[in-house]
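> need coordinates for the below:
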Amino acid sequence: MSHVLSRREFLAAAATGAAASALPISVASAQASNTESTAGSIAGNASTSAPAPAAADIYVAPTGERELVIGSLDDLEAQARKILPPGAFAYIASGADNQVTIRSNREELDRIRLLPRYLVGKPAPDLSTTLLGEKLSMPIITAPMGAQGLAHESAEIGAARGTGEAGTLYTMSTAANRTIEEVAAATRGPKWFQIYLHDDRGPSRELLQRAEAAGFTAIVFTIDAFAPGASDDTVRLGFSFPPNLPLVNSKTPFFKRSLGWDDVEFIQRTTRLPVILKGVVSPELAREAVKRGVAAIQVSNHGGRGLDGIPATITLLPGIVEAVDGRVPVIMDSGIRRGTDVFKALALGADAVALGRPVLYGLALGGSRGVKSVYDRIAAELQRAMLIAGVSTIDEINSDYIYEG
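Residues are numbered from 1 along each chain as shown. Model prediction:
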């Protein structure tokens, strides 16, 4: 009987190189089963295809660089499904357990209604903003996501480059397939480094120091992902992580499971960079974080990949914004797909939003140029929303534009 790996074991295989023997259905076989479907792509583009399958223990990611014609970011998920092996797609796309949270993230955003202002004589919208001293072309940044080599051969290098070319900020994950230094060199755009702590603080100290030396300008401390994910789809598919996609910075997928404020203090002592707390879901935690000198708050339910049943982040956002009371920036992620989603989050008090899965889908379909296409599309949607709503700058967006009837 084949052994099915948990998400933590799944990632462990990347570090140890032991995954091949655990695959009930080989990655190569899954890749081969998708070969005929790779001709489909976003309308108006050359097709994106994965290379011919290699040996059973070698993962072959999609390749190629191309701009995408995108009607909606929602279109990208179906297109990425066509070119990614089923297990890899499930790992990227699926949420935990019954996927209540991942669905709620979208449903609650859709429930919010907007109230525009007309005859206000505003100039053309300007999407630019500043976040912790970084000048951005838009209030939308790339969320930290691990193992981007599953999506494209360029992995984090392609995602960072495409984000930078869009004029916005890339957050690199500890669980990356490319080194801190490689990713830093790939983009001239602003970049933050996300940290998962090791039980032994020595390796974590080294990662923080490397990130600072490489030019990353803030540290994002994720506090909500210290237990394995629970995607039913990856279990059903028997998918485990390919050994040729190691976690080259952390060297391990096993991270500290019991976190406390002493860990926040350790990071603050180790680096001169500002620290963002990611995974904040309550006003009480937000207030304590600000009291303890955290530089920004990231409201996040990990894209529905962690504890299933956590409310949508857009639902949690107003209470956390009230608790923070303007003392530090507030970022929100999980569920953002449209420019109007961004507008709604900003109207409810966020200073910026972080984009997750659509970036990986764009990477899979078009490499760095695909990532830039994702940002170009959502920026165009936000600009249109601002124009119709009657605002000309990001700072003008507030709760007056939310319909409360």
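> could you pull out the helices for the chain?
Using DSSP state H, the helices assigned to the chain run over residues 7-16, 27-33, 75-83, 86-93, 100-111, 155-165, 180-186, 201-214, 232-237, 261-270, 283-291, 313-324, 339-347, 357-389.
> okay, the angle between the longest one and helix 86-93?
Yep, that's helix 357-389 we're talking about. Between helix 357-389 and helix 86-93, the angle comes out at 40 degrees (axes from the mean of the first three to the mean of the last three C-alpha atoms, to 10 degrees).
> for helix 357-389, buried residues please.
Going by neighbour count (16 or more other C-beta atoms under 10 Å), the buried part of helix 357-389 is 357-379, 381-383, 385-386, 389. In short, each C-beta sits where N, CA and C put it, glycine included.
> got any ranges where the stretch 101-250 of the chain has weak pLDDT?
In the predicted model of the stretch 101-250 of the chain, residues 227-230 satisfy pLDDT under 70.
> the nearest residue to Gly335 once chain neighbours are set aside: neighbour count?
Excluding its sequence neighbours, the residue lying closest to Gly335 (C-beta to C-beta, 6 or more residues apart in numbering) is Asn105, at 2.9 Å. For Asn105, the number of neighbouring residues by other C-beta atoms under 10 Å comes to 26.
> do Gly215 as well
Gly215 - counted by other C-beta under 10 Å - has 15 other residues nearby.
> before we move on, what about Trp261?
Neighbour tally, Trp261, other C-beta under 10 Å: 10.
> ok, the nearest residue to it once chain neighbours are set aside to Phe221 distance?
Counting by C-beta to C-beta, 6+ apart, Trp261 lies nearest to Arg292, which is 6.3 Å off, once chain neighbours are set aside. Distance of Arg292 to Phe221, computed by C-beta to C-beta, to the nearest Å: 12 Å.
> joint contacts of the two?
Common neighbours of Arg292 and Phe221 (criterion: C-beta atoms under 8 Å, 6 or more residues apart in numbering): Val264.
> those two: who's more crowded?
Phe221 (22 against 13).
> shouldn't that one be in contact with Pro274?
No: the pair Phe221 / Pro274 is not scored as a contact, 10.8 Å apart, by C-beta atoms under 8 Å.
> just to revisit the earlier point, spit out the contact partners of the residue nearest to Trp261.
Counting by C-beta under 8 Å, 6+ apart, the residues that Arg292 touches are 261, 264-265.
> how much space between it and Ser204?
18 Å.
> and stretch 362-373, how far out from the chain's middle?
The gap between where stretch 362-373 is centred and where its chain is centred comes out at 14 Å by C-alpha atoms, centre = their mean, to the nearest Å.
> repeat for stretch 397-405
A distance of 27 Å separates the centroid of the chain from that of stretch 397-405, by C-alpha atoms, centre = their mean.
> list the buried ones in that stretch?
In terms of neighbour count (16+ other C-beta under 10 Å), stretch 397-405 has its buried residues at 397, 401-402.
> got a markdown table for those, with pLDDT and distance to Ser282 too?
Formatted as a markdown table, these follow (pLDDT from 0 to 100; distance: C-beta to C-beta, whole Å):
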| residue | pLDDT | distance to Ser282 |
| --- | --- | --- |
| Ile397 | 98 | 25 |
| Tyr401 | 98 | 26 |
| Ile402 | 98 | 22 |
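> keeping just the C-alphas, turn stretch 242-260 into PDB.
Backbone C-alpha positions of stretch 242-260 (Å, rounded to 0.1, in the frame of the first residue of the first chain) are rendered in PDB as follows:
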ATOM      1  CA  PRO A 242      10.100  16.100  -6.000                       C
ATOM      2  CA  PRO A 243      13.600  15.800  -4.800                       C
ATOM      3  CA  ASN A 244      15.000  18.100  -7.500                       C
ATOM      4  CA  LEU A 245      13.200  21.100  -6.000                       C
ATOM      5  CA  PRO A 246      15.100  21.500  -2.600                       C
ATOM      6  CA  LEU A 247      14.500  24.200  -0.100                       C
ATOM      7  CA  VAL A 248      17.900  25.800  -0.700                       C
ATOM      8  CA  ASN A 249      17.800  28.400   2.100                       C
ATOM      9  CA  SER A 250      16.200  26.700   5.100                       C
ATOM     10  CA  LYS A 251      17.600  23.200   4.200                       C
ATOM     11  CA  THR A 252      14.600  21.800   5.900                       C
ATOM     12  CA  PRO A 253      10.800  22.100   5.900                       C
ATOM     13  CA  PHE A 254      10.600  21.500   9.700                       C
ATOM     14  CA  PHE A 255      10.200  24.800  11.500                       C
ATOM     15  CA  LYS A 256       9.500  25.800  15.100                       C
ATOM     16  CA  ARG A 257       5.900  24.900  16.100                       C
ATOM     17  CA  SER A 258       5.600  26.800  19.400                       C
ATOM     18  CA  LEU A 259       5.900  30.500  18.900                       C
ATOM     19  CA  GLY A 260       5.800  33.400  21.400                       C
END
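> can you point out the buried residues in that stretch?
Neighbour-count burial for stretch 242-260, with 16+ other C-beta under 10 Å as criterion, is recorded at 242-250, 252-253, 255, 259.
> stretch 57-64 too?
The neighbour-count check on stretch 57-64 (16+ other C-beta under 10 Å) flags 57-62, 64 as buried.
> now stretch 88-103
Those would be 88-97, 99-102, for stretch 88-103 by 16+ other C-beta under 10 Å.
> from Asp400, how far out is the residue located most distally from the centre of the chain?
Residue farthest from the centre of the chain, counting by C-alpha atoms, centre = their mean, is Leu119 at 37.7 Å. According to C-beta to C-beta, Leu119 and Asp400 sit 15 Å apart.
> over to Ser240?
Ser240 is 51 Å from Asp400, by C-beta to C-beta.
> and what of Tyr170?
Noted for Tyr170: a distance of 32 Å to Asp400, by C-beta to C-beta.
> then Val353?
Noted for Val353: a distance of 19 Å to Asp400, by C-beta to C-beta.
> equivalent analysis for Gly362, please.
Per C-beta to C-beta, Gly362 is found 33 Å from Asp400.
> Val374 now?
Per C-beta to C-beta, Val374 is found 29 Å from Asp400.
> what's the answer for Ile310, then?
In terms of C-beta to C-beta, Ile310 sits 29 Å off from Asp400.
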